[in-house]
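Student: missing the sequence, but the structure's below:
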């Protein structure tokens, strides 16, 4: 039994004024009121005005498990996610082998419950082997616990397959998460096409490729009336297409990443082409960054997904064109966005929804991710200290990653506790700093 005292409550919809207490018994929030007293044997945590929110949800994390565990594994990734404030994280299926069968999905689902960190929920592949040619057995993967379907790392190759998958997944009550990209336009690309490609001499990835990918998904959603989620949207034009689709009432949703909100192609150039900034989709123009923040503020964006992409140093500490794509961020992503959001005067409630009720609503109800705080609801909670200074030091991370563009960055505001089904899996309020 845990009693959280003197919290500032964000319930998933709004931030409440005044001090609120929450009593957690077992896996459930049993009482929410002011002035609660602890029962005998209850652990009392005085939050002293810190924000308590529904457990943060990350729709897009790479755990490299099975098959690539020298980069990350379910345990290291889940504990890193929890230390970053995430109570729930969805594991992408581009592993070795890919998560394209009932047995593989079930394995990740079962092991993801026992990491001592965030609850890991598996996404299944849309196609067998992520080849884009033949639809995987979606129904059996749902039975095994798949909460999303995606061929992430690449778009679904064939449009006819994506159309059939949308129809089939809709009947199963699980969304397709599409990686919007035109592979023909992005083949061999290293950076954003524009200022960065011109000054670096490297092949650029045009915004049009993402716009085409979004346009295909929107057209299929319009024709089929099936929900589709577009992940790591990075360009102003693509976000505007999504805004128009939402204006039509189409079931189209999207997420953006912290790194596309914090960094731009200018970081690639000023870092002398450091591969720590190499990511797909690439860091875009300053104008794209501004447009993404506008989408966050006006509600076009439905969720913030980290796209946490861990690599071993031998795969990342290389010349730019030889290095792998990906940025790792679990233990600082929330802090980075909170800090930048404060600077831009984005309402805190708008940001908190993108980590809580926003992404939770995109998962099937049976996944058990509440996204709200209410009496009788599941005790998935994140506690934030909005005044806490954080200097990013990946040498102390729970993740296996040590190379990140966030190293040495200083932010104000960070998660200090994470609860998963009533268990405190991260507690910086009482635990010594992680070594």
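Tutor: It's in. What you see is a predicted model, and the numbers here were worked out from it, not measured in a lab. Residues are numbered from 1 along each chain as shown.
Student: so residue 218 makes contact with residue 241?
Tutor: Yes - counting by C-beta atoms under 8 Å, residue 241 is a contact partner of residue 218 at 6.2 Å. For the C-beta atoms, the positions are set from N, CA and C on the backbone; glycine is no exception.
Student: Residue 221 sits in which helix or strand?
Tutor: Counting by DSSP states H and E, the secondary-structure element that holds residue 221 is helix 207-224.
Student: For that helix, buried residues please.
Tutor: Across helix 207-224, burial judged by 16 or more other C-beta atoms under 10 Å covers 207-218, 220-221, 224.
Student: Run through the bridge partners of residue 192.
Tutor: For residue 192, the residues forming beta bridges with it (DSSP bridges) are residue 205.
Student: Use 39 as the first number for this chain going forward.
Tutor: Yes, from this point I'll number from 39; that puts the last item at residue 230.
Student: Quick check, it in contact with residue 320.
Tutor: Yes - the pair residue 230 and residue 320 qualifies as a contact (C-beta under 8 Å) at a distance of 4.4 Å.
Student: Quick check: neighbours shared by the two?
Tutor: Both residue 230 and residue 320 are contacted by 242-243, 303, 306, under the criterion C-beta atoms under 8 Å, 6 or more residues apart in numbering.
Student: Which members of the residues you listed are classed as buried?
Tutor: The neighbour count (16+ other C-beta under 10 Å) marks 242-243, 303, 306 as buried among those.
Student: closest to residue 327 among those?
Tutor: Residue 327 lies nearest to residue 303 out of those, by C-beta to C-beta, at 9.4 Å.
Student: and the gap between the closest one and residue 85?
Tutor: Between residue 303 and residue 85 the distance is 40 Å, computed by C-beta to C-beta, to the nearest Å.
Student: what does residue 374 give?
Tutor: Residue 374 sits 23 Å away from residue 85, going by C-beta to C-beta.
Student: per-residue pLDDT, the residue nearest the centre of the chain?
Tutor: Nearest to the centroid of the C-alpha atoms of the chain, with distances taken as C-alpha atoms, centre = their mean, sits residue 343, at 2.4 Å. According to the predicted model, the pLDDT of residue 343 comes to 98.
Student: For it, give me its contacts.
Tutor: Residue 343 makes contacts with 96-98, 269-270, 293-295, 397, as judged by C-beta under 8 Å, 6+ apart.
Student: can you check residue 162 too?
Tutor: Residues in contact with residue 162 (C-beta under 8 Å, 6+ apart) are 131, 137-138, 143, 174, 176, 179-180, 184, 186-187.
Student: Sort out which of these are in helices and list them.
Tutor: Among those, the members falling in helices (DSSP state H) are 143, 176, 179-180.
Student: Between all of the residues you listed, which two are at the greatest distance?
Tutor: Across these, the two lying at the largest distance from each other (C-beta to C-beta) are 143 and 176, at 10.3 Å.
Student: Between those two, which is the more surrounded one?
Tutor: A direct count of neighbours by other C-beta atoms under 10 Å for residue 143 and residue 176 places residue 143 higher, at 28 against 22.
Student: Leaving out the residues flanking it, which one is nearest to that one?
Tutor: Nearest residue to residue 143 in three dimensions, chain neighbours excluded: residue 182, at 4.2 Å (C-beta to C-beta, 6 or more residues apart in numbering).
Student: That neighbour: what's it in contact with?
Tutor: Taking C-beta under 8 Å, 6+ apart as the definition of contact, the neighbours of residue 182 are 140-141, 143-144, 147, 160.
Student: Just the buried ones from those residues?
Tutor: Judged by 16+ other C-beta under 10 Å, buried ones among the contacts of residue 182: 140, 143-144, 147, 160.
Student: Pipe the residues you listed into a markdown table and attach pLDDT per row.
Tutor: Output for these, formatted as a markdown table (pLDDT from 0 to 100):
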| residue | pLDDT |
| --- | --- |
| 140 | 98 |
| 143 | 98 |
| 144 | 98 |
| 147 | 98 |
| 160 | 98 |
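Student: which one of these sits closest to residue 170?
Tutor: Proximity of the buried ones among the contacts of residue 182 to residue 170 (C-beta to C-beta) peaks at residue 143, which lies at 18.9 Å.
Student: gap between the closest one and residue 204?
Tutor: For residue 143, the distance to residue 204 under the criterion C-beta to C-beta works out to 19 Å.
Student: cool, and residue 272?
Tutor: Following C-beta to C-beta, the distance that separates residue 272 from residue 204 is 23 Å.
Student: Residue 325 too?
Tutor: According to C-beta to C-beta, residue 325 stands 32 Å off from residue 204.
Student: The two: which has the busier surroundings?
Tutor: Taking neighbours as other C-beta under 10 Å, residue 325 and residue 204 compare with residue 204 leading, 25 against 12.
Student: Show me which residues of the strand or helix carrying the more buried one are buried.
Tutor: Residue 204 is part of helix 197-210 when elements are defined by DSSP H and E. Buried residues in helix 197-210, counting neighbours by 16+ other C-beta under 10 Å, are found at 199-204, 206-208.
Student: Next up, the contacts around the closest residue to residue 409 other than its chain neighbours.
Tutor: Counting by C-beta to C-beta, 6+ apart, residue 398 is the residue found nearest to residue 409 once chain neighbours are left out, at 2.5 Å. If you count contacts by C-beta under 8 Å, 6+ apart, residue 398 has them with 50, 92, 95, 126, 407-410.
Student: what stretches of the protein score poorly on pLDDT?
Tutor: For the chain, the stretches with pLDDT under 70 are 469-473.
Student: hmm, who's touching stretch 276-290?
Tutor: By C-beta under 8 Å, 6+ apart, the residues outside stretch 276-290 that reach it are 218, 245, 248-249, 251-253, 255-256, 259-260, 263-268, 271, 292, 294, 329-330, 333, 338-339.
Student: That stretch: which residues count as buried?
Tutor: Judged by neighbour count (16+ other C-beta under 10 Å), stretch 276-290 contains these buried residues: 276-281, 283-284, 288-290.
Student: Mind picking the two most distant members of the residues you listed?
Tutor: The distance between the two most remote of the buried residues of stretch 276-290 (C-beta to C-beta) is 18.1 Å, for 278 and 289.
Student: burial measure for residue 239, as a count.
Tutor: The local packing count at residue 239 equals 9, with neighbours defined by other C-beta under 10 Å.
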